[in-house]
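Student: No sequence on hand, only this structure:
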Ligand code: FES
Ligand SMILES: [Fe+2]
């Protein structure tokens, strides 16, 4: 980054410009293929380990019409099940349920009170005489593929085979391990529903070219626009933006630079952005943004969360205020533009191409990875 500053303001480049036709974002068939191939048939981050630290802790992960119950069993292993009672398919935990429904030795259905143990076996049936034993014998929660690694819990919504996390993350796993997410506890969650395509939203996280213009009044001052270091890890990547303070290092011998800070934007394909930062030598935070397709190509949901290690929630809030990422100026600026892009692409008869510059290598990498998996030509 200092070399980019010393060179007068260069940035990492992709080899060529990429053109994306409007229908790549708007075509319902393409969108449905993405939802299936990327969000149902591949691993997704469902939560962080510290969201369910103890046996009996549970959470609900909802995407593409699926609802998954994730819990930690008596052995400390993470398990995932369809959030569906074996009796008449009621949801066992509702996403709006309070903390009391999110802990305990049993999962109790809110409809007729069937209960399950932490391995998904049927534990108790009120009014058991109404059911014959052979039927009940086959009643248990239906498992969903799940794996936990370095503080992240992944699920895969379709398919019976075990979740192949090593194959999904490949060389990115040791990089993610450096974030020490296993120690990070959640301090904040929120959600934003926007009228745009999920890919348009992710595009806004993947370059700093727009910082000085769109974010002139928010983060534009703190960062040098259009300057970033791009580290390609297959479908995943790291993008590091240039804080203006780095210019102070120009002309200073590298041995005298402060220890490298724990900072950067980490993208875990297909939909998760982790923004990592340090407050002090052992005080760290990660802001997580998970972007999902909504009910149509022009709708999406972003789940925001903040996770910290080495400091208290009070200390974090004292330092950053009660920042809610879903309402920050940067988020509102990005999503306002993203909704406007969608409006333009969705107009009948208009078929503009989107041009992704050589200075936007992470945006290019994101779309090449999608095209690689979904296999549709654009
Ligand atoms: S649907 Fe769950 S107990 Fe009836
Ligand atoms: Fe932005």
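Tutor: Yep, that arrived. Since we're looking at a predicted model, the values are computed, not measured. Ligands and ions are numbered 1, 2, ... in the order given.
Student: This protein: helices as residue ranges?
Tutor: Listed in chain order, the helices of the chain (DSSP state H) span residues 2-6, 23-26, 28-34, 133-137, 165-169, 172-177, 198-203, 211-214, 313-320, 329-346, 361-374.
Student: Determine which stretch of the ones you listed is the most buried.
Tutor: Scoring the helices of the chain by mean neighbour count under mean count of other C-beta atoms under 10 Å gives helix 198-203 as the most buried, with a mean of 25. Heads up, the C-betas are built off the backbone N, CA and C, glycines and all.
Student: For that one, report the contacting residues that lie outside it.
Tutor: Counting by C-beta atoms under 8 Å, 6 or more residues apart in numbering, helix 198-203 makes contact with 25, 34, 194, 271, 273, 291-294, 300, 302, 334-335, 338, 341-342, 345, 363, 366-367, 370, all of which sit outside it.
Student: now the helix or strand bottoming out on mean pLDDT in the chain, how far from the chain's geometric center?
Tutor: Evaluated with mean pLDDT, DSSP states H and E, the helix-and-strand set of the chain has its lowest mean pLDDT in helix 313-320, which scores a mean of 85. Going by C-alpha atoms, centre = their mean, to the nearest Å, the spacing between the C-alpha centre of helix 313-320 and its chain's C-alpha centre is 23 Å.
Student: what packs against that helix?
Tutor: strand 185-194 (3 or more C-beta pairs under 8 Å, 6 or more residues apart in numbering; DSSP states H and E).
Student: The strand it packs on pairs with which strands, and in what direction?
Tutor: Sheet pairing of strand 185-194 (DSSP bridges) gives strand 300-309 (antiparallel).
Student: mind listing what residue 279 touches?
Tutor: With C-beta under 8 Å, 6+ apart as the criterion, the residues that contact residue 279 are 285, 311, 316, 319.
Student: Which ones, among those, also lie beside ligand 1?
Tutor: The subset of the contacts of residue 279 within reach of ligand 1, by C-beta under 6 Å from any ligand atom, is empty.
Student: Relative to ligand 2, which of those residues is nearest.
Tutor: Each of those was scored against ligand 2 by C-beta to the ion, and residue 285 proved nearest at 18.9 Å.
Student: Contacts only, for the nearest residue to the closest one once chain neighbours are set aside.
Tutor: Counting by C-beta to C-beta, 6 or more residues apart in numbering, the nearest residue to residue 285 once its immediate chain neighbours are dropped is residue 308, at 4.7 Å. Each residue near residue 308 by C-beta under 8 Å, 6+ apart is listed here: 184-185, 187, 283-286, 316.
Student: Brilliant, that's me finished.
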